[in-house]
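> Sequence plus the predicted model coming up.
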2 protein chains.
Amino acid sequence: MDDKKKRIIEIAEQLFAQYGFLKTTMEDIAKKVHMGKSSVYYYFKSKDDIFAEVIRKDTLIFQQKLDEAVNNANTPEDKIRAYVTTRMTHLQDLSKFYSTLTDEYLDHYLFVEEVRKDFYDYENTVLRNILKKGIEQNCFDVDDIVTISRMISIAIKGLEFPLFVEAKDYDPVKESNDMLDVIFNGIANH
Amino acid sequence: MDDKKKRIIEIAEQLFAQYGFLKTTMEDIAKKVHMGKSSVYYYFKSKDDIFAEVIRKDTLIFQQKLDEAVNNANTPEDKIRAYVTTRMTHLQDLSKFYSTLTDEYLDHYLFVEEVRKDFYDYENTVLRNILKKGIEQNCFDVDDIVTISRMISIAIKGLEFPLFVEAKDYDPVKESNDMLDVIFNGIANH
DNA sequence: TTTTCGACCGAAAAACGATATTGGTCGAAA
DNA sequence: TTTCGACCAATATCGTTTTTCGGTCGAAAA
């Protein structure tokens, strides 16, 4: 990708994080990259387009980080634990960085929903692959992989909530592992 | 409780459900209940007060319904299943009835948050009691009741999400039972 | 004493027109 | 190929006026 383009995305990301999407003007971005506003439009066709690429970049980094965490874990169970805890800590960081955006994400509801769906698909693919391998290795006792991966996805999604309302004194890693203890072992007496 | 008061609450609930809290004026309520506006203030000290009592009434009915469902189930596992499925179906009904409110509940953020907390406490009490009895009856293998009940609470909270965004083709009872299968049996190979 | 209501208040919202911003375009120049 | 100043139209903003609405009060019904 063009070097200038990359730079614009970086600057824009900073400004979005600091002032939010609406309060950041194209002028602001252009000025900070030392360009005329029109020049920025040579690289991006709209403000939304810049936003989209910022999100796309962040999502990619997020997924790479998750993939790495999963690859570095050994057993299928550890892979899932690595996935979930990495997901939570990264989300915690994001929630701090993008605190200004949480209020106005309603305006980009459609777009955000799309990204969310993509991520959901990615997550399900990852989880299904781990589950499949886990079954082959006789670690898991699961007959419907699709359903189970969705249930895991939903359960850990529930853990997100405190990140965006009251983040203090919240230990996402501990919460994640407690949830995973339930999911792996169940609570019924076997 | 006063009969007139009850009537006002009923009418107000209808109007809130239909037009939302903000669009419903005290005049609207008074007119529909065939009273002067001032007369309504004889029974309630504020509009918020009426709203609070509507919510309080609905919450009470909700909890009674849940208690009944739990009591009618026999085994601890069935009690939890009864609790969760009743919770979900009732929430589904509420989401239809109060569809107009979901957008503006941000304004009453504090109050709604308070109600949510109360309900969360209630839910945890119910779940803990069932878990405790289940352990005594040797149905459950759990050492930290507090954590486990919170995890169940969080997991089923995740199931709520689709109710408020895309309700069609969503079967809350099936989803609930799938989630509970995981929670009861786990996915690890024992 | 309890209940109802019309008249009224003040704060906040809506309405509105004038002005400024801002996302985006275009053609020229470098 | 890249940059930018000039420009446009739509929208946001702002100052002002008007209306609405939650809430009060005192009197009168019951």
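That came through, no problem.
> Dump the helix or strand encompassing residue A:152 to PDB, keeping only the CA atoms.
Assignment of secondary structure by DSSP states H and E places residue A:152 within helix A:145-165. Extracted C-alpha coordinates of helix A:145-165, given in PDB (Å, rounded to 0.1, in the frame of the first residue of the first chain):
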ATOM      1  CA  ILE A 145     -19.500 -28.100  16.400                       C
ATOM      2  CA  VAL A 146     -21.500 -25.300  14.900                       C
ATOM      3  CA  THR A 147     -23.800 -24.900  17.900                       C
ATOM      4  CA  ILE A 148     -21.100 -25.200  20.400                       C
ATOM      5  CA  SER A 149     -18.800 -22.700  18.800                       C
ATOM      6  CA  ARG A 150     -21.800 -20.300  18.700                       C
ATOM      7  CA  MET A 151     -22.500 -20.900  22.400                       C
ATOM      8  CA  ILE A 152     -18.900 -20.200  23.300                       C
ATOM      9  CA  SER A 153     -19.000 -17.100  21.200                       C
ATOM     10  CA  ILE A 154     -22.200 -15.900  23.000                       C
ATOM     11  CA  ALA A 155     -20.900 -16.700  26.400                       C
ATOM     12  CA  ILE A 156     -17.700 -14.800  26.100                       C
ATOM     13  CA  LYS A 157     -19.500 -11.900  24.400                       C
ATOM     14  CA  GLY A 158     -21.400 -11.500  27.700                       C
ATOM     15  CA  LEU A 159     -18.000 -10.900  29.400                       C
ATOM     16  CA  GLU A 160     -17.500  -7.800  27.200                       C
ATOM     17  CA  PHE A 161     -20.200  -5.700  28.800                       C
ATOM     18  CA  PRO A 162     -18.400  -4.500  31.900                       C
ATOM     19  CA  LEU A 163     -15.500  -3.300  29.600                       C
ATOM     20  CA  PHE A 164     -17.700  -0.600  28.200                       C
ATOM     21  CA  VAL A 165     -19.500   0.700  31.300                       C
END
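> Report the next helix or strand after that helix in sequence order.
Taking DSSP H and E as the definition, the helix or strand that follows helix A:145-165 towards the C-terminus is helix A:172-185.
> What helices and strands are in contact with that next one?
Based on contacts counted as 3 or more CB pairs under 8 Å, 6 or more residues apart in numbering or on different chains; DSSP states H and E, the elements that helix A:172-185 packs against are helix A:76-97, helix A:145-165, helix B:145-165, helix B:172-185. Every residue, glycine included, has its C-beta placed from N, CA and C.
> neighbours around residue A:85, how many?
Around residue A:85 sit 19 other residues, with neighbours defined as other CB atoms under 10 Å in any protein chain shown.
> mind checking how far it is from DNA strand C?
Per CB to the nearest atom of the strand, to the nearest Å, residue A:85 is found 38 Å from DNA strand C.
> in chain A, which ranges drop under the pLDDT threshold?
Within chain A, the stretches falling below the threshold (pLDDT under 70) are A:1, A:102-107, A:167.
> Domain ranges for chain A, per the record?
Structural domains assigned to chain A are A:1-45, A:59-185, following automatic domain parsing.
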